[in-house]
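1. Fold the stuff below for me.
(one chain, ligands or ions: 2)
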Amino acid sequence: MIIKKFTAKTEEEAVALAKKELGNGIVIMNVKQVKPGGLLGFLRAKQTEVTVALEEERESLRRTVKETGEQEKASSILQNSGNNIEKKLDSLQTLLESQLKAERETAPVSANASERNKETVQTSEQEEHSSPEQEKFIRLLYNTLIDNEVDERYANQLMEDLEKAKKPNLPFDFILASIYQKMILKFGKSDGIVPSGEGAKTVLFIGPTGVGKTTTIAKLAGRYSVEEKKRIALVTADTYRIAAAEQLRTYADILEVPFRVIYSAEEFEQALQDFKDFDYIFVDTAGHSHKNDAQLSDIEQLIHTMGDKPAYQCFLVLSATTKYRDLIKITEKYKSITDYQMIFTKLDETATLGNLYNLKLFSEKEIAYVTYGQNVPDDIELFDPQKTVKQLLGGRN
Ligand SMILES: Nc1nc2c(ncn2[C@@H]2O[C@H](COP(=O)(O)OP(=O)(O)OP(=O)(O)O)[C@@H](O)[C@H]2O)c(=O)[nH]1
Ligand SMILES: [Mg+2]
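-> Ligands and ions are numbered 1, 2, ... in the order given. Modelled structure (predicted):
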């Protein structure tokens with residue numbers, strides 16, 4: 001990570017200087033007023049000093065690649081997260097430092113933790129540049145990630161990246177900011193449901209049984225129809241259970257939006273035709289076990305009906321409480337059927353969010369929304385990587 005200070009009359013001017021030199025991917029770490037030095041310095045006006053950081057990866061990217069759409073996106077994520085990163089991470093750092101202090105006072109460390117850290121400790125002893133405090137801090141970050149059920153493989157990757165960026169006497173907040181940014185970049189950011197340029201946008205919700213597909217549709221339909229005053233139609237292809245269609249019909253009645261049950265690909269096409277002047281058509285599907293190929297072929301048929309229409313988005317709904325190994329299998333199975341973004345439900349029922357990070361890295365699919373309760377339409381939001389990364393690094397929920 002490159003860290004550099006820029007001074008100008010105003011904060012805006014200093015940031016502009018930094019962007020001119022380092023590009024749009026910078027993260028603002030700190031802003032402060034400084035007195036000009038030198039003889040007669042006291043006669044001159046105060047200046048603003050802005051400390052910015054740029055990831056080494058981004059720096060080389062900036063030099064070698066022209067500004068691509070992808071890079072623009074990364075920049076905007078960083079900028080959103082970066083505005084005064086110091087302030088945002090303050091409480092987190094205090095928390096980690098107090099843990100560090102507690103650890104120092106309660107030596108020896110528990111057998112389990114010391115076992116887990118053996119490898120890191122050994123490499124740290126060979127590492128001549130890092131201070132023991134720095135090593136402890138990094139180890140604490142690693143343990144926090146593991147406690148939050150981040151896959152060891154991905155936690156180790158982050159640690160390797162940190163090792164590369166490490167310099168003697170690097171302040172804790174730089175280390176923290178570096179890992180924080182890296183994780184946010186890996187998560188990426190989805191825009192969720194985006195309106196179609198013209199005509200209705202069809203949005204399909206697929207996934208295992210009981211994860212909250214229908215409830216999530218109700219939440220989104222509520223948001224879009226009541227708050228955004230959009231024209232919504234609800235369609236269900238879930239004809240497996242008698243109560244399933246009724247569940248969505250009830251929501252449609254409350255929201256006063258049209259509702260249709262479809263039994264075949266032809267009926268689906270007809271529904272899309274009939275609702276073509278609406279803003280959004282939300283399509284509910286029956287929950288399927290990823291092990292049941294016959295059921296999955298129904299979904300494939302629905303998707304086939306959509307063809308390669310651009311006005312179509314598909315969301316794979318997953319519960320944050322599902323076992324990691326099963327989540328891997330599910331995302332893999334659906335990948336063979338269609339492209340999708342992920343929605344994680346039931347965040348309120350789990351204490352650890354490591355699976356969100358694991359599944360993003362494993363599937364390379366974006367996380368669009370998270371839901372955290374049964375209340376319709378309140379308990380849903382667009383996935384916020386900053387918030388999740390902070391939690392994964394030990395910040396408060
Ligand atoms: N705690 C919690 N419960 C949720 C959440 N989302 C949905 N639920 C509950 O999970 C249960 C199943 O929700 P549904 O929306 O029927 O799930 P589904 O995926 O449509 O289920 P099938 O259609 O049977 O496959 C219901 O009791 C919901 O209230 C959430 O974010 N948190
Ligand atoms: Mg359902």
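2. hey, let's count contacts and neighbours off CA atoms from now on
-> Noted.
3. got the residues of the chain near ligand 1?
-> By the criterion of C-alpha under 6 Å from any ligand atom, the positions of the chain lying close to ligand 1 are 208-215, 286-287, 345-346, 348-349, 371-374.
4. Among these, the buried ones, what's the ChimeraX command?
-> In ChimeraX, this line selects whichever of the residues of the chain next to ligand 1 come out buried by 16 or more other C-alpha atoms under 10 Å:
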select :208,209,211,212,213,214,215,286,287,345,346,371,372,373,374
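5. Give me the subset of the residues of the chain next to ligand 1 lying in strands.
-> Judged by DSSP state E, strands contain the following of the residues of the chain next to ligand 1: 345, 371.
6. Which members of the residues of the chain next to ligand 1 are positioned in helices?
-> Among these, DSSP state H puts 213-215 in helices.
7. wait, residue 33 sits on residue 46?
-> Yes: counting by C-alpha atoms under 8 Å, residue 46 is a contact partner of residue 33 at 6.5 Å.
8. Report the strands that pair with the helix or strand harbouring residue 4, each with its relative direction.
-> Element membership for residue 4 (DSSP states H and E) is strand 2-8. Using DSSP bridges, the strands paired with strand 2-8 in its sheet are strand 47-54 (antiparallel).
9. Near residue 191, how many other residues are there?
-> When neighbours are defined as other C-alpha atoms under 10 Å, residue 191 has 11 of them.
10. Would you double-check that it falls in a strand?
-> No: Residue 191: not assigned to a strand; according to DSSP: H, G, I helix; E, B strand; the rest coil it is coil.
11. Excluding chain neighbours, what is closest to it?
-> residue 368 (6.8 Å; C-alpha to C-alpha, 6 or more residues apart in numbering).
12. contacting residues around the one you found?
-> The contact partners of residue 368, taken as C-alpha atoms under 8 Å, 6 or more residues apart in numbering, are 189-192, 341-343, 382-383.
13. how far away is it from ligand 1?
-> According to C-alpha to the nearest ligand atom, to the nearest Å, residue 368 and ligand 1 sit 14 Å apart.
14. again with residue 325
-> Taking C-alpha to the nearest ligand atom, one finds residue 325 at 19 Å from ligand 1.
15. pLDDT wise, what is that residue at?
-> You'll see residue 325 listed with a pLDDT of 96.
16. Tell me how far the helix or strand harbouring it lies from the chain's centre.
-> Here residue 325, judged by DSSP H and E, is contained in helix 324-335. Distance, stretch centre to chain centre, for helix 324-335: 18 Å (C-alpha atoms, centre = their mean, to the nearest Å).
17. who does it touch, helix- and strand-wise?
-> helix 354-363 (3 or more C-alpha pairs under 8 Å, 6 or more residues apart in numbering; DSSP states H and E).
18. buried residues in the helix it packs on?
-> 354-360, 363.
19. pLDDT of that helix, averaged?
-> Mean predicted lDDT for helix 354-363 stands at 98.
20. Next, the angle from it to helix 324-335.
-> 40 degrees (axes from the mean of the first three to the mean of the last three C-alpha atoms, to 10 degrees).
21. quick one: contacts of helix 354-363?
-> Contacts for helix 354-363 (C-alpha under 8 Å, 6+ apart): 145, 148-151, 154, 186-187, 320, 324, 327-328, 331-332, 344, 366-367, 392.
22. List buried members of these by neighbour count.
-> 145, 148-151, 154, 187, 320, 324, 327, 331, 344, 366-367, 392.
23. Give me the subset of those residues lying in helices.
-> 145, 154, 187, 324, 327, 331, 392.
24. Skipping adjacent residues, who's closest to residue 337 in space?
-> Closest to residue 337 by C-alpha to C-alpha, 6+ apart is residue 300, at 6.1 Å.
25. Just the closest of the ones in helices among the buried ones among the contacts of helix 354-363 to residue 200, please.
-> residue 331 (27.2 Å; C-alpha to C-alpha).
26. how about the closest one, what does it touch?
-> By C-alpha under 8 Å, 6+ apart, the contact set of residue 331 is residue 363.
27. next one: residue 252
-> Per C-alpha under 8 Å, 6+ apart, neighbours of residue 252: 234, 258-259.
28. What residues sit buried inside whatever helix or strand it lives in?
-> Secondary structure from DSSP H and E places residue 252 in helix 242-255. Neighbour-count burial for helix 242-255 flags 244-245, 248-249, 251-252 (criterion: 16+ other C-alpha under 10 Å).
29. next one: stretch 256-268
-> 257, 259-262, 265, 268.
30. In JSON lines, list these along with pLDDT.
-> Shown next, in JSON lines, are the buried residues of stretch 256-268 (pLDDT from 0 to 100):
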{"residue": "257", "pLDDT": "96"}
{"residue": "259", "pLDDT": "97"}
{"residue": "260", "pLDDT": "96"}
{"residue": "261", "pLDDT": "95"}
{"residue": "262", "pLDDT": "93"}
{"residue": "265", "pLDDT": "88"}
{"residue": "268", "pLDDT": "92"}
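31. now the residues you listed as TSV including distance to residue 291 and secondary structure?
-> Shown next, in TSV, are the buried residues of stretch 256-268 (distance: C-alpha to C-alpha, whole Å; DSSP: H, G, I helix; E, B strand; the rest coil):
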residue	distance to residue 291	secondary structure
257	34	coil
259	30	strand
260	28	strand
261	25	strand
262	24	coil
265	23	helix
268	25	helix
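32. for those, which one is nearest ligand 1?
-> Closest approach to ligand 1 among the buried residues of stretch 256-268 (C-alpha to the nearest ligand atom): residue 261, at 13.7 Å.
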